[in-house]
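In: Fold the following for me, if possible:
(chains A, B, C and D)
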Number of protein chains: 4
Amino acid sequence: MGAEENRPQTTACRPIHEVAGAAGLLESEVHAYGRYRAKVDLGVLQRLSDRTDGRIVIVTGITPTKAGEGKTTSAISLTQGLGRLQVRAALCLREPSVGPVFGNKGGGTGGGLAQIVPMEEVNLHFNGDIHAVAAAHNLLATVIDATLYHDRPIHIDPASISWPRTVDINDRALRNVIVGLGGRAHGTPRESGFIITAASEVMAILALATDLGDLRRRLGRILVAQDRDGSPVSADQLRLAGAMTILLKEALLPNLVQTIEGQPAFVHAGPFGNIAHANNSLLADRVALKLADVVCTEAGFGSDLGLEKFCHIVCRYGRIQPSAALLVATGRALKVHGGVSERASGTEDIEALKRGAANLAAHLGIVRAFGLPCVVGINRFPTDTDRELELVRNLALEFGADDAVVNDGFGQGGAGAEAMAAAVLRATELPNRFAPLYSADATVREQLDLLARKVYGADGVSISAKGNRQLERLGELGLDKLPVCIAKTPFSISHDP
Amino acid sequence: MGAEENRPQTTACRPIHEVAGAAGLLESEVHAYGRYRAKVDLGVLQRLSDRTDGRIVIVTGITPTKAGEGKTTSAISLTQGLGRLQVRAALCLREPSVGPVFGNKGGGTGGGLAQIVPMEEVNLHFNGDIHAVAAAHNLLATVIDATLYHDRPIHIDPASISWPRTVDINDRALRNVIVGLGGRAHGTPRESGFIITAASEVMAILALATDLGDLRRRLGRILVAQDRDGSPVSADQLRLAGAMTILLKEALLPNLVQTIEGQPAFVHAGPFGNIAHANNSLLADRVALKLADVVCTEAGFGSDLGLEKFCHIVCRYGRIQPSAALLVATGRALKVHGGVSERASGTEDIEALKRGAANLAAHLGIVRAFGLPCVVGINRFPTDTDRELELVRNLALEFGADDAVVNDGFGQGGAGAEAMAAAVLRATELPNRFAPLYSADATVREQLDLLARKVYGADGVSISAKGNRQLERLGELGLDKLPVCIAKTPFSISHDP
Amino acid sequence: MGAEENRPQTTACRPIHEVAGAAGLLESEVHAYGRYRAKVDLGVLQRLSDRTDGRIVIVTGITPTKAGEGKTTSAISLTQGLGRLQVRAALCLREPSVGPVFGNKGGGTGGGLAQIVPMEEVNLHFNGDIHAVAAAHNLLATVIDATLYHDRPIHIDPASISWPRTVDINDRALRNVIVGLGGRAHGTPRESGFIITAASEVMAILALATDLGDLRRRLGRILVAQDRDGSPVSADQLRLAGAMTILLKEALLPNLVQTIEGQPAFVHAGPFGNIAHANNSLLADRVALKLADVVCTEAGFGSDLGLEKFCHIVCRYGRIQPSAALLVATGRALKVHGGVSERASGTEDIEALKRGAANLAAHLGIVRAFGLPCVVGINRFPTDTDRELELVRNLALEFGADDAVVNDGFGQGGAGAEAMAAAVLRATELPNRFAPLYSADATVREQLDLLARKVYGADGVSISAKGNRQLERLGELGLDKLPVCIAKTPFSISHDP
Amino acid sequence: MGAEENRPQTTACRPIHEVAGAAGLLESEVHAYGRYRAKVDLGVLQRLSDRTDGRIVIVTGITPTKAGEGKTTSAISLTQGLGRLQVRAALCLREPSVGPVFGNKGGGTGGGLAQIVPMEEVNLHFNGDIHAVAAAHNLLATVIDATLYHDRPIHIDPASISWPRTVDINDRALRNVIVGLGGRAHGTPRESGFIITAASEVMAILALATDLGDLRRRLGRILVAQDRDGSPVSADQLRLAGAMTILLKEALLPNLVQTIEGQPAFVHAGPFGNIAHANNSLLADRVALKLADVVCTEAGFGSDLGLEKFCHIVCRYGRIQPSAALLVATGRALKVHGGVSERASGTEDIEALKRGAANLAAHLGIVRAFGLPCVVGINRFPTDTDRELELVRNLALEFGADDAVVNDGFGQGGAGAEAMAAAVLRATELPNRFAPLYSADATVREQLDLLARKVYGADGVSISAKGNRQLERLGELGLDKLPVCIAKTPFSISHDP
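Out: You can find the predicted model right below:
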């Protein structure tokens, strides 16, 4: 591969209409946003409702380290690799948020020769989705304070307000604020705060909604406070669901861009992994499944977080049956799990790697607990030695992976990912025994117990007195059988970083 | 015109590519945003740099009342009327902000049969411009607080920070806040506040920038605080101008939509009139002037505000020479100025109208002071009697208007505005004696004096001791010859509402 | 006078029981606080109820300057001078507050050879009065917030709370605070503030109460907030008047100390002059009037403040008829009023003195307006020249003073004040035409008008729209005939410093 | 004892000079505060420096319950009982704070026929001590904020300020506040809070100071913040120790009142038990030990708190050797420790009492660990049955008490406490093997380990990473051998309530 090809950003993108057409979308189903981005009209789901869904592969990872394991790059190169194998493949990713882009995290568009384009537009504003989420979120916050101020139509208890404001930037000074100052004319002073937009419940709802009506219903059910009698106050009671839905009308449509090798990439919705469900939108998955034979979707953080939530929440609400998982690991990250510092992780260290492989084993166990075929994708770093890569491969197979393949998508694009893509393709053809760990009528208490034992490797779950009271309250409100969305640190499999 | 045509919102818009093509834009110069909106590449200015500019008409008004005088509707119907006269016309408007849309003001897309479409998309998010402004504004705010927190690279004096945060909604509870709470880890507590995005200095800069480089230079010069030695701290010193510019890259491009009769409408940038310069972007004016023979641009509030700022600020930075002004008035509003309550303004009252006409005379005087031909456009309200309309017309002529014409664009679209359009067209062909009231090297002090005497009808200007100190400080900083942008109440010609 | 006598602080005080006995108090009426301080039991008023009151002289001053005019020193030396004349004299002063003692003001115990002792104990804590006032004040504040928090028994509107907290120190950082933070368990966030204890309404009430029952009634009538329906909330409604009274039980008793020449000095209560009534307690005056033939009481700030309030408020509530006024002036201060800087005020400047004497004339006019005989006491400063002192004396007589005498109490104690004391004594024997400027049934509006014209030399009074609404509200509440207590800057006779 | 004696509050107190004289104080050593209270001049310590100290008995208790065990009443009645035995006895107690008096706790003056008088004056203000502590504390706080504001003479890091403000009332709304608001003129906004005065470090220092010089040195060493370089900032660096000492000059003198049977009672200083050292002032103990043969001093909360701190802190700084302990228990409280609700604790329940007696055993163990003879004083409640009282007595003896005696001081005053007093007297004559658990050169780490094992019955101590860093920091500052003052919940012997 020549040097001149190694500049993904300057690569001539294909016009988005070409990409969309090649993917099977009609021109009327594509709303272009500039030349290289589009939103996809949901009419396509209706048009292709009789078509059989493609197969979906969950790209997940071991417990993340600062060394990085390249999960997004793996998902992109898997898609590119499938393309090289002439498979009709599509990619689904979460949207990056502006905040971290200017912070210390890289963007979310891959790296090396495994990238999606146009990179800058995806990383900034991206079709306005995150701004629309923020606008809807903050409109609700404004109306809560206005209702509090006027003390009608609902008598809100100011101390009960649990709905923060949001800003799409990592603004430390806004985390804890007092609002409503300036005397009687400016409202009721309250301690409150801003969260990053990716952590907004509105973002989580956008990612799970199945259509505009479902979006509106879910928005209306948001609980934001209690009234003076202790009854919960919802967005519907504040008559806000309609206005919020209008603000989110465009944001609900999946965004379409492309990999630098031309496969369609649906980059849509970006709920945080530590508090929300950590996967791209269900609608993106659905559209991709109608158009492609194999859909590669990346789940946030390790399998204990993103994959668990995909299997329990996205699959349940989206009636999706995943076909396989690609579990991304690197020798470097396993050495860090084995006790080596990040700085030293570039040096061969077979013993550390063996120690750290316990983490790989644990994640493989989680994937297998869901009944999913699993390929371990070993992302090659320049400093990894062949001995190390071989060891990871052997350990992965020993721990029960269906296959384990080294991937050099970063260095070679789809060509470097062909072997991994072939292995994943084989895995999707294995008999599918996928099943959630708990049934749809499990109570929150039962769900917590199962997750603790089967995913986190605990003996059971210990719930504080306060937690028990809250669970009882959920039961009273009839909310005790909703699927649990665990908020936890991504930096270990337990709750202790 | 048949009844079925009287439903502007359901009118089939023409695809934006058709509108753009008819206006003379190449396909490569048009970035579609969905089917009916686009952003225009600035390359068109280069391509047509040799073409002579069209003529520009400033649509201004008498002092606004709550009764409303329909300035936006007049600007749209003037454009539509010119279209009926086979004139190659284009419209320039400010963008509405989301905040007021959900508040008590109507949207900014006209009314009746004088509208621009697609209405909802223009009123909400509109190509993300206002969100981009908010993101750039708040990124600067975040970095100020982070610099304060780390006390490097600049030692910012926390009490000197004058840069608020912004939110694109009228959120009373955010006007006065304390930020940086939560203990040492969350920053330095400070009293601060949020302004509405239309009031952001970033919005004002976006509206005045001539290209990306100019945008960056202007952003870099924003002063946000002082350091511990009292020296001003700029966005450039915080190394933020580049990142802010990237965030505003798309927002800088003028947006293109259409009137419901198909004329191109450039709706771009929305700086508030009471504190900023109250006109759409200079770039929208420039692009429109290259494409159309007559450009109708609406200036915010009365002639003492929007027109004055257009003439002194937009014309100076944009090297624009306006050809005429359309001064919008209604019988109803003049009666309110004559002392009648809004409720009673629907009843004929010749005496009140005569008293209120003093306001019309004053605004005509301001327009003439700039040497501009002036047509008074009398917006017809259903309750206005023919006697009243005739009286307004006669008074307008008596006060020195070049012409005065009743306009029924609201009721009949372009057809109802033909007579007014013809009068305006004639006015643009009169000899042009346009000149600003002060020269480019007038000091701030001289500008204030001239504005007070020539625009506000005062004997001179009285500056407080504090004001004098600030003026001296401007002189020291070499900023004393910048054009003044007066912040005043729109509700009278003086500073006292 | 020998050098060894010139050390007032080391002077051997007489035991307080001796001072009390000489003043005519029984041992059972004296509660010693240490060896040199006491509180006086109110039983003495009962015991001596048949005895004719002595005469009372109000010690007042010209408009204060930073140069100082020595009013407290004059009051003390007048008492000492009367003692030298074998007159049974007593002194009444306000208590100093701890706050300013550690700030930039001197203590309130006089200077040179005109002092009261024990100085340090009077300046610090002084029998706990100010602490008791603060405790009672803050107890009420605590209960207001607790009532707000529990929302019973009264539904307090948080934005209406007008009762601050207090601290007996000039603590800038407490002036504006937000209280009630820390989440639901810690109350309702509110913007509030701390005032200095001397400015507490409780201090003003303590100074005006005539006995324990009157104290309780007045405390109970304090208005602190409104309920949700807009009705005023009083301390009585919060059931706090009793507890506050218990906390103030000892503080209500006048404190007894002595001048360094042995006269009894009642130093009791310290309401601020700019917002409260600026005089020592009415009970101290009453006790002193039963025990002494001539009582010297110092009124705060200039005659427009302390003397006006003494004549209208103290005299009305205490049924006291003052006999004369001593108006303290210095050549130095008059020169400052004449435009000389403080630094230059030590140099002879006859012209400046003449210009500044307008201030003396104005104050003389105020005193005469009340029908009071007036002696001007010219406090000698070392830098004053004989020519200057003679000029002040002549001008004072010319402006209508009954006499004008140079006083050197600072340098010589009572001996230096004999001439002034004799002049004052003669003045008290002049026919008494004392009368308040307005009658007890004047409305607040009428009082304001009279004060503006007769005291402040204005043409009348201009009341803002908001002020008018508040006056109407007072009328509705039946409070419109209470005596007005003007809050104004002490630094001029108008409201503009 | 006749009914008319059963009204302690109306009992005619003896004048305080008589009580003082009978106790052996000279008139010049007694500063009366009203008729029934006094402060004792420290000169008495000098005068009697050669006299042998009396013996001191620490009155301590089992772990407190809401049922109450009557420790203060036991201490008073022990003193009264000793009086009946013709022993020259004196009582030492902490001062109550105003705050809790208006809250839910009773006052601190005993109950029934075991009381100190004058009750109200002791409960309110009491000679101004707590106000003086608050004034000194808040003066320091003011100067910290003023220093921060002026940024000189020390560059204080605002986030490092650890010195709160204080108020002598339980004011929930002041626990968490933001100070310094109101713009640049009013200081630097900061999150701060108010503590109750009993919890002030100034109160703790007052209670431990041995004379005025020692007080000043200790005040000067208070650390309040860090400067920008991270160096600690002390009161001495802010030049505040002198002013604070002056404010505390009178407060340092022990207060003298009397039991209702006439024994001298020194009620002085009131540091909180949960965070401070929980005992009356060391100076009160010292003066009492010079005057009486047996001094009864009450230590706050259970033996794990007040007695531990008395033995390690007061004895070390005051060179005091205690002679015995009276461990107060009640059947009722032991039943509550045995699992019975407070409501049911009035019913006989032998089994619960046996279970709860484990608490008594643990406290006896703590007392014995210090080598102190120990009498268990069983406070009789009306509902306790003879079987229960007998059981407590037997268990106490079984657990190793030197004696165990039922006390009815509440019902009968000194007469009801004679048997207990006699037992205590015998205990004080036993061989004294008192020794602290750790030596004066033990490091903080060693102290914590010993306290955990010997007092709290733990296997050792586990220190968090943050705690370890702080201990290292103490070592660097040379503060690592100061005696530890444990802040813990009084409601169990462990750290978990």
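In: C-alpha only now, for contacts and for neighbours.
Out: Noted.
In: In contact with A:Gly416: list those residues for me.
Out: Counting by Cα atoms under 8 Å, 6 or more residues apart in numbering or on different chains, A:Gly416 makes contact with A:Ser77, A:Gly81, A:Asn407, A:Asp408, A:Gly409, A:Phe410.
In: Most neighbours out of the residues you listed, which is it?
Out: A:Ser77 (38 neighbours; other Cα atoms under 10 Å in any protein chain shown).
In: Helix or strand for it, just tell me which one.
Out: When elements are assigned from DSSP states H and E, A:Ser77 belongs to helix A:71-84.
In: For that helix, which helices and strands make contact with it?
Out: strand A:55-61, strand A:89-93, strand A:110-111, strand A:114-117, strand A:294-302, helix A:409-412, helix A:414-428 (3 or more Cα pairs under 8 Å, 6 or more residues apart in numbering or on different chains; DSSP states H and E).
In: what separates the first one from the chain centre, distance-wise?
Out: Distance, stretch centre to chain centre, for strand A:55-61: 12 Å (Cα atoms, centre = their mean, to the nearest Å).
In: which residues touch that strand?
Out: Outside strand A:55-61, the residues touching it (Cα under 8 Å, 6+ apart) are A:69, A:71, A:74-75, A:289, A:293-303, A:306-307, A:321-329, A:363, A:428.
In: and the angle for it with helix A:71-84?
Out: Orientation note: strand A:55-61 sits at an angle of 150 degrees relative to helix A:71-84 (axes from the mean of the first three to the mean of the last three Cα atoms, to 10 degrees).
In: about what we covered before: closest to D:Gly183 out of the contacts of A:Gly416?
Out: A:Phe410 (54.0 Å; Cα to Cα).
In: my guess is that closest one contacts A:Ser77, does it?
Out: Yes: the pair A:Phe410 / A:Ser77 is scored as a contact, 7.4 Å apart, by Cα atoms under 8 Å.
In: joint contacts of the two?
Out: Counting by Cα under 8 Å, 6+ apart, the common neighbours of A:Phe410 and A:Ser77 are A:Ala114, A:Gly416.
In: Kindly state the beta-bridge partners for A:Ile156.
Out: Beta-bridge partners for A:Ile156, by DSSP bridges, are A:Asp227.
In: quick one: pLDDT of it?
Out: For A:Ile156, the pLDDT comes out at 94.
In: ok now do it, which residues does it touch?
Out: A:Ile156 neighbours (Cα under 8 Å, 6+ apart): A:Thr147, A:Leu148, A:Ala225, A:Gln226, A:Asp227, A:Arg228, A:Val233.
In: secondary structure class for the third one?
Out: With DSSP: H, G, I helix; E, B strand; the rest coil as the basis, A:Ala225 sits in strand.
In: how many neighbours does A:Gly183 have?
Out: A:Gly183: 15 surrounding residues under other Cα under 10 Å.
In: residues in contact with it?
Out: Applying Cα under 8 Å, 6+ apart to A:Gly183 gives the contacts C:Ala159, C:Glu191.
In: circling back to that earlier point, and the contacts of A:Ile156, which is closest to B:Arg433?
Out: Closest to B:Arg433, out of all of the contacts of A:Ile156 and judged by Cα to Cα, is A:Thr147, at 54.4 Å.
In: who does A:Asp407 bridge with?
Out: No, residue A:407 isn't Asp; it's Asn. Using DSSP bridges, the bridge partners assigned to A:Asn407 are A:Asn379.
In: Do I have it right that it meets A:Ala417?
Out: Yes: the criterion here is Cα under 8 Å, and A:Asn407 meets it with A:Ala417 at 5.2 Å.
In: Which parts of the stretch 101-250 of chain A are helices?
Out: Under the criterion DSSP state H, counting those that start in this stretch, the stretch 101-250 of chain A carries helices at the ranges A:119-123, A:129-150, A:201-208, A:212-220, A:241-248.
In: Out of those helices, which is closest to A:Leu448?
Out: For those, the distance to A:Leu448 is smallest for helix A:201-208, at 20.2 Å, taking Cα to Cα.
In: contacts for that closest one?
Out: Against helix A:201-208 from outside (Cα under 8 Å, 6+ apart): A:130, A:133, A:136-137, A:197, A:215, A:218-219, A:252, A:268-271, A:276-277, A:279-283, A:314, A:317-318.
In: again, but for stretch A:343-354
Out: With Cα under 8 Å, 6+ apart as the criterion, stretch A:343-354 contacts A:67, A:331-340, A:383-385, A:388, A:392.
In: Give me the buried subset of those.
Out: Buried by 16 or more other Cα atoms under 10 Å in any protein chain shown: A:67, A:331-338, A:340, A:384-385, A:388, A:392, out of these.
In: where does whatever residue of the stretch 201-350 of chain A ends up closest to chain B land on pLDDT?
Out: Here the stretch 201-350 of chain A gets closest to chain B at one residue, A:Leu247, 6.9 Å apart by Cα to the nearest Cα. On pLDDT, A:Leu247 comes in at 94.
In: Can you verify my assumption that it contacts B:Val122?
Out: No: at 12.0 Å, A:Leu247 does not count as touching B:Val122 under the criterion of Cα under 8 Å.
In: These two: which has the busier surroundings?
Out: The residue with more neighbours, out of A:Leu247 and B:Val122, is A:Leu247; 25 against 22, by other Cα under 10 Å.
In: any idea how far that one is from B:Leu124?
Out: 7 Å (Cα to Cα, to the nearest Å).
In: Equivalent analysis for A:Glu29, please.
Out: 22 Å.
In: for A:Leu283, same thing?
Out: The value you get for A:Leu283 to B:Leu124, if Cα to Cα is used, is 23 Å.
In: cool, and A:Leu327?
Out: Taken as Cα to Cα, the span from A:Leu327 to B:Leu124 is 41 Å.
In: Which one of the two is surrounded by more residues?
Out: Neighbour tally, A:Leu327 and B:Leu124, criterion other Cα under 10 Å: the higher count belongs to A:Leu327, 27 against 23.
In: and that one, which of the three is it?
Out: The three-state label given to A:Leu327 by three-state DSSP is strand.
In: Report the contact partners of it.
Out: Taking Cα under 8 Å, 6+ apart, one finds A:Val59, A:Thr60, A:Gly61, A:Ile62, A:Leu364, A:Cys374, A:Val375, A:Val376, A:Gly377 in contact with A:Leu327.
In: Between the residues you listed, identify the one with the most neighbours.
Out: Of the contacts of A:Leu327, with other Cα under 10 Å as the count, A:Gly377 tops at 34 neighbours.
In: Could you confirm that residue falls within a strand?
Out: Yes: membership of A:Gly377 in a strand is supported by three-state DSSP.
In: Next one: A:His31 relative to C:Gly54, how far apart?
Out: In terms of Cα to Cα, A:His31 sits 98 Å off from C:Gly54.
In: and what of A:Gly213?
Out: Shown here: A:Gly213 relative to C:Gly54, a distance of 90 Å by Cα to Cα.
In: What of A:Thr259?
Out: On the measure of Cα to Cα, A:Thr259 and C:Gly54 end up 103 Å apart.
In: can you check A:Asp384 too?
Out: For A:Asp384, the distance to C:Gly54 - Cα to Cα - is 105 Å.
In: swap in A:Ala344?
Out: Applying Cα to Cα to A:Ala344 and C:Gly54 gives a distance of 95 Å.
In: Within range of chain C, give me the residues from chain A.
Out: Residues of chain A that fall close to chain C, judged by Cα under 8 Å from any Cα of the partner chain: A:Ala159, A:Ser160, A:Leu181, A:Gly183, A:Arg184, A:Thr188, A:Pro189, A:Arg190, A:Glu191.
In: This completes my enquiry, with thanks.
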